[in-house]
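**Q** One predicted model, sequence on top.
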Amino acid sequence: MATRGRIGLRLGTQLLLLQLVVVTVTLIISFVLFAVFNRQRLDSQYHIHALDIARVVSSSPTVINNIYRYDAAPLTRSPTLVNELAAGPIQGVASRVEQRTHVLFVTVANARGIKLAAPDHELGLHVRADITQALAGHEVTFHENTIMGRAIVAEVPVLEPGSNHVLGLVLVGIGTKVFDEQFSKNLRVLGAMGAALLLIGIASSVVLARRWRGLTLGLRPAEIIELVRSQAAVLQGIGEGVLATDTSGKTTFVNDEACRLLEIDNEPGRPVDEIGLTPRVLDVFQAADSTLSLATVGERIVVVSARNVSREGRELGTVLVARDRTDVESLTRQLDAVQLMSTVLRAQRHEFANRLHLLNGLLHGGHVDEGLEYLEELLGSGPLGSALPGIDAIRDPYLQAFLAAKAAGAREAGVTLKIGENTWISGRLVLPVDATTVLGNLLDNAIDAVRSSDHPLKEVEVELLQEDSTLYVTVADSGSGVAPDFVEDLFTEGRTTKPDSGIPGGRGIGLALSRQLSRALGGDLWLASAGNPAAESGLTGAEFIARLPGVMEQEAVDE
């Protein structure tokens, strides 16, 4: 496949070629560095070897005792001198050292630089090398082209015993041919090792390339990049929050919607329990529960679910999906309020119809006085006035209708709803949905608790008190109360003592949602008493108190 004049190789093939290039270049560089290092090492060893031989010769008693004879006056090279030096003891020492050490030459010269021991054709001649350092008492080594070939030369001074007086010097030369042969041998060994390593690298690269080809499904890099971009675009574009982690629990992907809904940061690589998830969401994630569960995050209500992800039997990690249910829950609460109002209106219509039939009968029967008396009674009691005693202390029609509907529902469950004697509401609701959501959850929980208890008294008492714009709600019941081991989990999402309802999101959200709404208004909801089931009289169940600022408005008084 060609794209814009370039061949699109598979990722495995590109990795193979890249590894071959890297391995080859690495081996070449290693070979060069090793060759340089090896040559320097051999050079250093031969320099030290030459110095050691020269030191041995310079410290020989024969050399020291006989070098005086040729230091008194300048020597002139002659056949006699050459023959004398060739048969002399110094030349004997030099010849024996040459034979035993296989060096190129051993030369001994006096302080004037005249060779006293050397190859026959050089005896009596002046040393051509620079001998100033040796005559100054210093040992030196250097490379030099001699008539016998290129050599590594060591110069060592011959010192008078017990002093630093220089009597002469010793020059030892080792031919570089031996040096070069040793270096070539090392290079051949290194080349064989490099070839073996290259073959191993090629074989390893082939195996790794096949492995990569299997892991990437044979896709080319451009295809992988496009696939990643497409998936990122899809995951970022959907209206649901997506959070993914690997098998170790570290985040690998968080889209923008998840950051918004769950109020977390997009920081891949962090443990999932450290990114700021609420306890409810974290529990769902760690349980990998695919069942839809409601959770409150800040001012939002979200539905979350999680599941483990695997491919071809291999675990890849866990994915959490979050959906915003805030608007849906708000509409649901409004719909519940409308249904309650509808129920109350139907009840009122039925009640008024019955009363009008009675009034009509009285008037048709000529009982005008009785009809007028009954009419005055109706005007004084108001709609459904007798259905819920004490409701006249609440002037807000919305709360009246709501409590009347709840009282009717409680009667159907065999529970009596009572309005407390301290109830007084002189204003009207300005946030009816929020107020009735909190009040409704508390009443529903209380009615359920009373209905399921064994206590003979089946009562729920509610008290509503207005202070300026703040509404105080107190709900108590005659149920079994809250178990001591459940008090800490009472307002935790997902924690409930009720059986599973089977509805999406499950139970355990009502009290948590009510507290969230109360705190969003600047108030709070708390458990005032866990109850006393052992009491013989009174309301033995739990008591809850809610403070809801800003939900009431004082009605203007007409002058």
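**A** Happy to help now that I have it.

**Q** Only C-alpha atoms from now on, for both contacts and neighbour counts.
**A** Will do.

**Q** Look at the closest residue to residue 55 other than its chain neighbours and give its secondary structure.
**A** The spatially closest residue to residue 55, leaving aside those adjacent along the chain, is residue 156, at 6.2 Å (Cα to Cα, 6 or more residues apart in numbering). Under the three-state scheme (DSSP: H, G, I helix; E, B strand; the rest coil), the conformation of residue 156 reads as strand.

**Q** and residue 156, what does it touch?
**A** Taking Cα atoms under 8 Å, 6 or more residues apart in numbering as the criterion, residue 156 is in contact with 51, 54, 55, 58, 134, 137, 138, 139, 140, 169, 170, 171.

**Q** Now stretch 45-56: buried residues?
**A** Judged by neighbour count (16 or more other Cα atoms under 10 Å), stretch 45-56 contains these buried residues: 46, 47, 49, 50, 51, 53, 54, 55.

**Q** In PDB, list the C-alpha atoms belonging to it.
**A** Output in PDB follows, covering the C-alpha atoms of stretch 45-56 (Å, rounded to 0.1, in the frame of the first residue of the first chain):
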ATOM      1  CA  GLN A  45      51.600  -3.300  27.800                       C
ATOM      2  CA  TYR A  46      54.500  -3.300  25.300                       C
ATOM      3  CA  HIS A  47      55.700   0.100  26.600                       C
ATOM      4  CA  ILE A  48      55.800  -1.300  30.100                       C
ATOM      5  CA  HIS A  49      57.400  -4.600  28.900                       C
ATOM      6  CA  ALA A  50      60.200  -2.600  27.100                       C
ATOM      7  CA  LEU A  51      60.700  -0.400  30.300                       C
ATOM      8  CA  ASP A  52      61.000  -3.500  32.500                       C
ATOM      9  CA  ILE A  53      63.700  -5.100  30.300                       C
ATOM     10  CA  ALA A  54      65.600  -1.800  30.100                       C
ATOM     11  CA  ARG A  55      65.500  -1.500  33.800                       C
ATOM     12  CA  VAL A  56      66.800  -5.000  34.300                       C
END
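
**Q** pLDDT of stretch 109-116, averaged?
**A** When pLDDT is averaged along stretch 109-116, the result is 86.

**Q** what about the residue sitting furthest away from the middle of the chain, which SS state?
**A** In the chain, residue 80 marks the outermost C-alpha relative to the chain mean, sitting 93.9 Å out by Cα atoms, centre = their mean. Using three-state DSSP as the criterion, the local structure at residue 80 reads helix.

**Q** same thing with the one 5 residues further on?
**A** Classification of residue 85 by three-state DSSP places it in helix.

**Q** how close does the spatially closest residue to it that is not a sequence neighbour get to residue 171?
**A** Excluding the flanking residues, the one nearest residue 85 by Cα to Cα, 6+ apart is residue 116, at 6.1 Å. Taking Cα to Cα, to the nearest Å as the criterion, residue 116 is separated from residue 171 by 11 Å.

**Q** residues bridging contact with those two, i.e. touching both?
**A** Common contacts of residue 116 and residue 171, defined by Cα under 8 Å, 6+ apart, comprise 107, 108.

**Q** give me phi/psi at residue 416?
**A** phi -100, psi 130 (degrees, to the nearest 10).

**Q** Renumber starting at 502 from here on
**A** Right, with 502 as the first residue, what we last looked at is residue 917.

**Q** what sits against the residue nearest to it when sequence neighbours are not counted?
**A** Closest residue to residue 917 in three dimensions, ignoring its sequence neighbours and counting by Cα to Cα, 6+ apart: residue 960, at 4.8 Å. Shown here is residue 960, whose contacts under the criterion Cα under 8 Å, 6+ apart are 916, 917, 918, 919, 951, 978, 979, 1040.

**Q** and the residues you listed, which of them are in helices?
**A** Using DSSP state H, the members of the contacts of residue 960 that fall in helices are residue 951.

**Q** what's the lowest-pLDDT member of the contacts of residue 960?
**A** For these, the minimum pLDDT belongs to residue 1040; the value there is 81.

**Q** List the contacts of the residue nearest to that one when sequence neighbours are not counted.
**A** Nearest residue to residue 1040 in three dimensions, chain neighbours excluded: residue 979, at 4.3 Å (Cα to Cα, 6+ apart). With contact set as Cα under 8 Å, 6+ apart, residue 979 has these partners: 951, 956, 958, 959, 960, 961, 1039, 1040, 1041, 1042, 1043.
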